[in-house]
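>>> Quick one: sequence and predicted model below, then my questions.
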Amino acid sequence: MQHQRRILRIALDGDTLGRKRTGDESYLASLMLGLGSADARNEYVVFTRDPEREARRFAVLDGDRWRFRRVGPNSVWLRHPLGLPRALRRERPDVFHAQYFLPPRCRCRCVLTVHDISFAVRPEYFTLRDRVFLGALVPSALRRAARVITDTEYTRADLLSRYRLDPARISVIPLAADARHQPLDRERCRAEIRRRHGFDTPFILFVGTFQPRKNLSTLVRAYGMLRERAALPHKLLVVGKPKYMYEAIHQAIRDTRCEPHVVFAGFVDDADLPTYYNAADVFAFPSLYEGFGLPVVEAMQCGTPVVCSSASCLPEVAADGALLVDPHQPEAFREALERVLTDAAFAENLRERGLRRAAQFSWERTARETLRVYDQAASDS
C-alpha cells in the first residue's frame, strides 16, 4: 500500500509584498497563485506587513488553507532577528520559504530562494552598504537552508563555485511570465501610452531598475547612434525606478544629446506592463548580470521582438527567442535594434520565436517543482 504524504504547514516570508520590489515581489506573488492552483493539500501562512490588504489581493486563494499574518516591525533590521522568529515559534510550520535571508533560530526546515549572487561575483555593481549587508546574511542563510532554489543553471554554477554547498541541495526551477502577459491589440496599447506619456511616436522599451548591472547607459548610447545613423522616429521609453549608482545613465543621455527623446515612465504596476510591452516596436535588455531576466520572457510572451544581452544566464533563458548581443558594445546593440526596426520580416520571425520560447515556461511548472522541494525539505533527516 502506497504511503500517503502528510499535509505540510508551509510559511512564506511575504515581506516583499506591496513594496514595489519588482522581481522579488513578482516572484512571490506568482508563486503563491501557482501554488494555489497546483496544491490542494498543504496549508499556508504568509507573513506580511499588511495581512488585510494581501488577503484581498489574493482572494482567489482557498481561505481555509491560506492565511495571512502580520509580522513586524517594519524595519528589516528588527523584523528578521525579532519578528520572524516569534512568528515561526507561534505558527510552528513544517517548512519556511524565504528569499535571500533567513532569521536566526529557525527550528523548522527552511527553503531559500536565491535568484542571483551578483553582490559576490560582480561587487562593483553594488554600494558598500549592500555588499556588506548581502555578503554577511546571504552566505549564512545558504548554509542553514535545508534546500536552495535558484532560477537557472548559470546561477547554480555561481553558487557552487562561490560557496561550499552540497549540489544535491540546490534545485534549478525556472520562472515564468504571468498569464496577463499576452499579445494585445497594439493600437489600443499605443493609444494608452499616448494618453499616459503624451507622445505619438513608436518607441523602444526598457524595463528594469536603474543600477549599474542593468547597463542602461549602454542602451542609451546605442540609441543615440541609432538616431544619428538611421534617422528613425523612435523614442526610448524607460520603465523602472532609480536604485543606486545611476549617474552614468544621465551622463550618457547628455553625451548623446537625447534628452528630448528619452522618456522616463517611473515605476509601472505589473498589471499595466503588458500594455507597454505590446505597444513597443522592440524590447531592449542590455543587462550585464541576471539571475533569470524575467522581463525578457514577459516581452517574448507578449509577442514583442527582443534584443537581449548575451551575458550571464540570458542566453540560457532567451535561447533562440531573442537576438543576443554583446552588452559591452553599444555599436552592436545599435546594429541589432536597427535590424529589428527596419526589417519587418526579421522582426516577425523574431516575434514568433519569442512566443515559442516563452511558452516553454509556466508558473504551474514552477509551483509543482517548488512543491517537490518542500516535500524534500520536510523529509530531510
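Sure, I can see it.

>>> Just give me how far stretch 193-202 sits from the chain centre.
Distance, stretch centre to chain centre, for stretch 193-202: 26 Å (C-alpha atoms, centre = their mean, to the nearest Å).

>>> If we go by neighbour counts, what in that stretch is buried?
I193, P202 (16 or more other C-beta atoms under 10 Å). Any C-beta I mention is one placed from the backbone N, CA and C, and that applies to glycine too.

>>> Report how far apart the opening and closing residues of that stretch are.
Stretch 193-202 has an end-to-end distance of 10 Å (C-alpha to C-alpha, to the nearest Å).

>>> Show me what it is in contact with.
F203, P233, H234, K235, L237, V263, A265, T275, Y276, A279, D281 (C-beta atoms under 8 Å, 6 or more residues apart in numbering).

>>> Neighbour count and secondary structure for those - can I get that in CSV?
Converted to CSV, the contacts of stretch 193-202 look like this (neighbours: other C-beta atoms under 10 Å; DSSP: H, G, I helix; E, B strand; the rest coil):
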residue, neighbour count, secondary structure
F203, 22, strand
P233, 12, coil
H234, 20, coil
K235, 22, strand
L237, 22, strand
V263, 17, strand
A265, 18, strand
T275, 19, helix
Y276, 25, helix
A279, 24, helix
D281, 18, coil
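
>>> want to try CSV for those residues, with distance to A332 and pLDDT as columns?
Listed next are those as CSV, based on distance: C-beta to C-beta, whole Å; pLDDT from 0 to 100:
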residue, distance to A332, pLDDT
F203, 21, 98
P233, 22, 94
H234, 18, 96
K235, 21, 97
L237, 21, 98
V263, 24, 96
A265, 26, 95
T275, 29, 98
Y276, 25, 98
A279, 26, 98
D281, 19, 98
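
>>> Looking at those, spot the one nearest F58.
Checking those against F58 with C-beta to C-beta, the nearest one is T275 at 22.9 Å.

>>> tell me the contacts of the closest one?
L184, C189, E192, I193.

>>> Most neighbours of all those, which one?
I193 (22 neighbours; other C-beta atoms under 10 Å).

>>> what's the average pLDDT for the helix or strand that contains that residue?
Secondary structure from DSSP states H and E places I193 in helix 186-197. What helix 186-197 shows for mean pLDDT is 97.

>>> Next: stretch 356-371.
Per-residue scores along stretch 356-371 average to 97.

>>> So which residues of the stretch 251-381 of the chain form strands?
262-266, 282-285, 306-309, 323-325 (DSSP state E, counting those that start in this stretch).

>>> How about residues contacting the lowest-mean-pLDDT helix or strand in the chain?
Least confident helix or strand, the chain: helix 76-78 with a mean of 80, by mean pLDDT, DSSP states H and E. Under the contact criterion C-beta under 8 Å, 6+ apart, helix 76-78 has outside partners D15, G72.

>>> which parts of stretch 240-256 are buried?
G240, K243, Y246, A248, I249, A252, I253, T256.

>>> ok, the fourth one - contacts?
Meaning A248. Shown in contact with A248 (C-beta under 8 Å, 6+ apart): P212, S217.

>>> Can you tell me the element it falls in?
Using DSSP H and E, A248 maps to helix 247-256.

>>> just for the stretch 251-381 of the chain, where's the confidence low?
Across the stretch 251-381 of the chain, the ranges flagged by pLDDT under 70 are 381.

>>> let's see 80
Under the criterion pLDDT under 80, the flagged ranges of the stretch 251-381 of the chain are 380-381.

>>> just the helices in it please.
Assigned by DSSP state H, counting those that start in this stretch, the helices in the stretch 251-381 of the chain fall at 273-279, 294-301, 314-318, 330-342, 344-358, 363-379.

>>> so which of those gets nearest R109?
Judged by C-beta to C-beta, the one of the helices of the stretch 251-381 of the chain that comes nearest to R109 is helix 363-379, at 4.4 Å.

>>> Can you tell me how far F119 is from T209?
14 Å (C-beta to C-beta, to the nearest Å).

>>> wait, R164
Where T209 is concerned, R164 sits at a distance of 31 Å (C-beta to C-beta).

>>> Just checking, which helix or strand succeeds the helix holding I193 along the chain?
strand 203-207.

>>> That next one: which residues count as buried?
Going by neighbour count (16+ other C-beta under 10 Å), the buried part of strand 203-207 is F203, I204, L205, F206, V207.

>>> Alpha carbons of it, in CSV - could you do that?
Only the C-alpha atoms of strand 203-207 are listed here, as CSV (Å, rounded to 0.1, in the frame of the first residue of the first chain):
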residue,chain,number,x,y,z
PHE,A,203,9.3,53.5,-29.3
ILE,A,204,12.0,51.1,-27.9
LEU,A,205,11.2,49.8,-24.5
PHE,A,206,13.4,49.1,-21.5
VAL,A,207,12.1,47.6,-18.2
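
>>> what distance separates it from the middle of the whole chain?
17 Å.

>>> heads up, I number from 19, so please use that
Okay, residue one is now 19; in that scheme the one you just asked about reads as strand 221-225.

>>> That strand - contacts with which helices or strands?
On a contact count with 3 or more C-beta pairs under 8 Å, 6 or more residues apart in numbering; DSSP states H and E, strand 221-225 meets helix 234-248, strand 253-257, helix 291-297, strand 300-303, helix 312-319.

>>> So for C124, which of the ones you listed sits nearest?
Nearest to C124 among the helices and strands packed on strand 221-225 is helix 312-319; the distance by C-beta to C-beta comes to 28.0 Å.

>>> packing partners for the closest one?
Secondary-structure packing of helix 312-319 (3+ C-beta pairs under 8 Å, 6+ apart): helix 41-56, strand 221-225, helix 291-297, strand 300-303, strand 324-327, helix 332-336, helix 362-376.
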